[in-house]
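Here is my input, please return the structure:
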Amino acid sequence: MEHVDPVTLTVVRDRMVSTAKQMAGYVENASPSFVTAEVHDLATAIFDKQGRPIAMFSDISNQQIGYFQIQKALEEIPEFYPGDIFIMNDPYLGMGTHLDDWSFYRPIFYKDRLEFFTMIRGHQMDTGGSHPGGYHAEPFDLHSEGLRLRPIKICEKGVMRRDVYTLITDNMRWSEGVRMDHQSFFAALKFCESQVVDMIEKYGLEQIYACCEAMIELTRRAIRKEIEGIPDGVYTGEATCDDDGTAYDVPVTVQVKVTVKGATISADFSDSDPQVKGFINSPLSNTYSRAQFALLTCIAPGIADYHNQGSLEDLRIITKKGTVVDPIYPAPVGCCPVIAGYVIVEAMWEALSKAIPEKVPAQPTRCMHPHIVSDHPRTGRSYEIKNFWAEGGGGAVYGYDGWPNTGPGGSGMLCKSSIEVMEASFPWRALQYKIATDHAGAGKWRGGVGNIWSLVNEGKPGLLMTGPADGQKLYSLKAGYLGGRAGRPNEIYIVRNGERIPVAGKRNVPLREGDELLHVSGGGAGVGDPLEREAQRVREDVLEGVISVEGARRDYGVVIDPKSLEVDSAVTASLRVEMSHIR
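Sure, this is the predicted structure:
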């Protein structure tokens, strides 16, 4: 590392990261897929020829598991050529998450020698399972969820393998759109190749390799320094989801034991519940990526853009085969990123909060994006809405309120699209979208707010699939740290002829024409004693509709005049003393 010019190193490092980010932008601007272009459910990366990640970019944390998959490809594909493209998605044979997420790789050659790989990984419109979109709540097994792909070339020496690729896309719904989506992926891979080759020609291969080694070593040192700052000890955590979608109202729990000693850290999930019949099981690669995400979000924020091989070497994951965090084929895994995956993150955060509470987020709102499938009355073709607008708030962290309306926990930059785009694309009309008052967990730093989101079906009867919805049971919610309180549970209703019909998560429910779909999302948990929140900040929350006048008094001990909306400072001080003595 001492032989690398620091200016050159910085330029190469930032250009590698920028290239990965530009790949994502390339796809988002060109793709016809709603979930790719609008929601941004994808990740990109550059690897060296050994399969070590050099630069990574991800809009959603569970997509960034390419470091597992490239190793699998190196084992199974005997030879690579310029112009190759290979893909994989299988959670057991391809080290994937759920079958909806496909990884596309392209080897990068320079002067006829393999030097690097580039990857783009994204959620597909469909994978050919028993129900559109892959979130069917009652699969028979993994095969019900879609097409399984171990590492396989779809393009060799720059020529598409039409027989292979056609076989794959013919077994998917909306295959025309899927192929168009893939064209944007192929172009992004080619763009990355051209950028890496340009860097090699500008700086020389030896210099580029030296920079890559230095990038990894600098990240490795930064991560180990942060781990050394965590007090040595054994810390336990657990988290629970509502159920698995087949055994109704039977909670499923993930338990972890985090052991820290010096610069070493391990997470032992062996005591987690056995694998389940439903589709929430988390394959080992997903478990690792979520546990790694949970750790990295609590340490070294200054290198958030620069994670690489050096970030991934120090966390040791221990599991027990046959558990919900390491299931045995053919256990279904369709909802692993957003159910078991979030539970894994929360269990890790609870354990880490016992060591470094000032750095760990409190519990965010659980996932809340039911999918809608039906036939479009204008086109006659089937459609699917990935309905992210109802997602609630993030958990607070020491010193900061939780982010509002953040999307699924651990989602990074996953986006809620424009409501107008949704209305123009699908036969559903928005009725209301507003803050859910008093749903955020109280604290010195409160949780992020939830929201109320409703839309009406102006099309044909369809199916509501609430697979990616959780947190409706009180036993799934947790208080925040240092005296912070839990957020409110999520709620889903179908409003039909004026009647509110409750709908649980992980269910398939018929929809009728004219049905209103109403979501009320909970808020994130708070951090710190609510009685220590500044009274004026509570007043600001009242003015914004985050907290009601009654909630300000009940949860924060802040008395606000309902007409003037001013704080009564004297009465507030007295009430807070009284409330602190009652506890």
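
For the longest helix along the chain, buried residues please.
Longest helix in the chain by number of residues (criterion: DSSP state H): helix 175-203. Of the residues in helix 175-203, 175, 177-178, 181-182, 184-186, 188-193, 195-197, 199-200, 203 count as buried by neighbour count, 16 or more other C-beta atoms under 10 Å. C-beta coordinates here come from the backbone N, C-alpha and C atoms, glycine included.

Where does pLDDT dip in the protein?
For the chain, applying pLDDT under 70 flags the ranges 1-2, 59-64, 407-414.

ok so, going back, the longest helix of the chain packs against which elements?
helix 6-30, strand 42-48, strand 101-110, strand 113-123, helix 162-170, helix 205-228 (3 or more C-beta pairs under 8 Å, 6 or more residues apart in numbering; DSSP states H and E).

Am I right that Gln207 is in contact with Thr8?
Yes: counting by C-beta atoms under 8 Å, Thr8 is a contact partner of Gln207 at 6.7 Å.

Need the residues touching each of these two.
By C-beta atoms under 8 Å, 6 or more residues apart in numbering, Gln207 and Thr8 have no common neighbours.

Strands of the stretch 201-350 of the chain, residue ranges please.
233-241, 252-261, 264-268, 315-318 (DSSP state E, counting those that start in this stretch).

which one of the ones you listed lies closest to Gly51?
Taking C-beta to C-beta, strand 315-318 is the member of the strands of the stretch 201-350 of the chain nearest to Gly51, at 18.2 Å.

partners of the closest one in the sheet?
strand 264-268 (parallel) (DSSP bridges).

which residues are contacting the partner strand?
227, 230, 256-259, 291, 295, 314-318, 348, 351.

Neighbour-wise, give me the winner out of the residues you listed.
Within the contacts of strand 264-268, most neighbours by other C-beta atoms under 10 Å means Val256, with 31 neighbours.

isn't that one right next to Thr287, touching?
No: using C-beta under 8 Å, Val256 is not in contact with Thr287, being 10.0 Å away.

any common contacting residues for those two?
What both Val256 and Thr287 touch, as defined by C-beta under 8 Å, 6+ apart, is the set Phe269, Ile344.

Adding distance to Arg381, write the helices and strands packed on helix 175-203 out as JSON lines.
JSON lines is the format used below for the helices and strands packed on helix 175-203 (distance: least, C-beta to C-beta, whole Å):
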{"stretch": "helix 6-30", "distance to Arg381": "22"}
{"stretch": "strand 42-48", "distance to Arg381": "24"}
{"stretch": "strand 101-110", "distance to Arg381": "22"}
{"stretch": "strand 113-123", "distance to Arg381": "20"}
{"stretch": "helix 162-170", "distance to Arg381": "16"}
{"stretch": "helix 205-228", "distance to Arg381": "46"}
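
So for Asp141, which of the ones you listed sits nearest?
Comparing the helices and strands packed on helix 175-203 by C-beta to C-beta, strand 101-110 comes nearest, at 18.6 Å.

Would you mind finding the most buried of the helices and strands packed on helix 175-203?
Comparing the helices and strands packed on helix 175-203 by mean neighbour count (mean count of other C-beta atoms under 10 Å), strand 42-48 ranks first with a mean of 27.

after it comes which helix or strand?
Per DSSP states H and E, the first helix or strand lying C-terminal to strand 42-48 is strand 53-58.

What strands line up against that next one, and which way round?
In its sheet, and by DSSP bridges, strand 53-58 pairs with strand 42-48 (antiparallel).

any residues touching the partner strand, and which ones?
Residues contacting strand 42-48 (C-beta under 8 Å, 6+ apart): 16, 19-21, 23-24, 27-28, 36, 53-60, 63-64, 66-67, 70, 115-123, 188, 192, 196, 209, 212.

partners of the spatially closest residue to Glu193 that is not a sequence neighbour in the sheet?
For Glu193, ignoring the flanking residues on the chain, the nearest one in space by C-beta to C-beta, 6 or more residues apart in numbering is Ile108 at 4.9 Å. Note on Ile108: beta-bridge partners by DSSP bridges are Phe116.

What ranges does the stretch 351-500 of the chain have for its helices?
Counting by DSSP state H, counting those that start in this stretch, the segments of the stretch 351-500 of the chain that form helices are 419-425.

Let me see the ranges of the strands in it.
Counting by DSSP E, counting those that start in this stretch, the strands of the stretch 351-500 of the chain are 371-375, 382-386, 428-436, 450-457, 462-465, 491-496, 499-502.

angle of the first one against strand 450-457?
Right, strand 371-375. For strand 371-375 against strand 450-457, the angle between stretch directions is 10 degrees (axes from the mean of the first three to the mean of the last three C-alpha atoms, to 10 degrees).

what's the neighbour count on Gly302?
Neighbour count for Gly302, taken as other C-beta under 10 Å: 9.

Now it. Nearest residue, chain neighbours left out?
Using C-beta to C-beta, 6+ apart, the nearest residue to Gly302 is Ala222, at 7.7 Å.

Can you give me the distance of that neighbour to Ala304?
11 Å (C-beta to C-beta, to the nearest Å).

now Met56: how far from Gln309?
Met56 is 10 Å from Gln309, by C-beta to C-beta.

er, Asp5 actually
Distance from Asp5 to Gln309, by C-beta to C-beta: 21 Å.

Comparing those two, which residue is more hemmed in?
Gln309 (22 against 14).

quick one: contacts for that one?
With C-beta under 8 Å, 6+ apart, Gln309 has these contacts: Arg52, Pro53, Ile54, Tyr67, Ile216, Thr219, Arg220.

can you do 6 Å?
Listed by C-beta atoms under 6 Å, 6 or more residues apart in numbering, the contact partners of Gln309 are Arg52, Pro53, Ile216.

Surely the second one touches Ile65?
No: with contacts counted by C-beta atoms under 6 Å, Pro53 stays clear of Ile65, the gap being 10.3 Å.

which one of those two has more residues nearby?
Ile65 (26 against 23).

Now do the more buried one against Glu346, distance only.
Ile65 is 19 Å from Glu346, by C-beta to C-beta.

Same check on Arg488?
17 Å.

quick one: which of those two has more around it?
Glu346 (30 against 21).

quick one: contacts for the spatially closest residue to that one that is not a sequence neighbour?
Excluding its sequence neighbours, the residue lying closest to Glu346 (C-beta to C-beta, 6+ apart) is Ala239, at 3.8 Å. Counting by C-beta under 6 Å, 6+ apart, Ala239 touches Val254, Val343, Glu346, Ala347.

Got the domain ranges for the protein?
6-219, 362-528, 532-582 (automatic domain parsing).

Just to check, Leu511 is in contact with Thr466?
No: Leu511 is beyond contact range of Thr466, at 11.3 Å (criterion: C-beta under 6 Å).

These two - which one has more neighbours?
Higher neighbour count among Leu511 and Thr466: Thr466, with 23 against 19, using other C-beta under 10 Å.

Give the phi and psi angles for that one, as a check.
phi -100, psi 30 (degrees, to the nearest 10).

go on, Ile70?
Here Ile70 shows phi and psi, under degrees, to the nearest 10, equal to phi -60, psi -40.

can you offset everything so residue one is 170?
Taking 170 as the first residue, the last one we looked at is Ile239.

From Thr177, how far off is it?
Ile239 is 26 Å from Thr177, by C-beta to C-beta.
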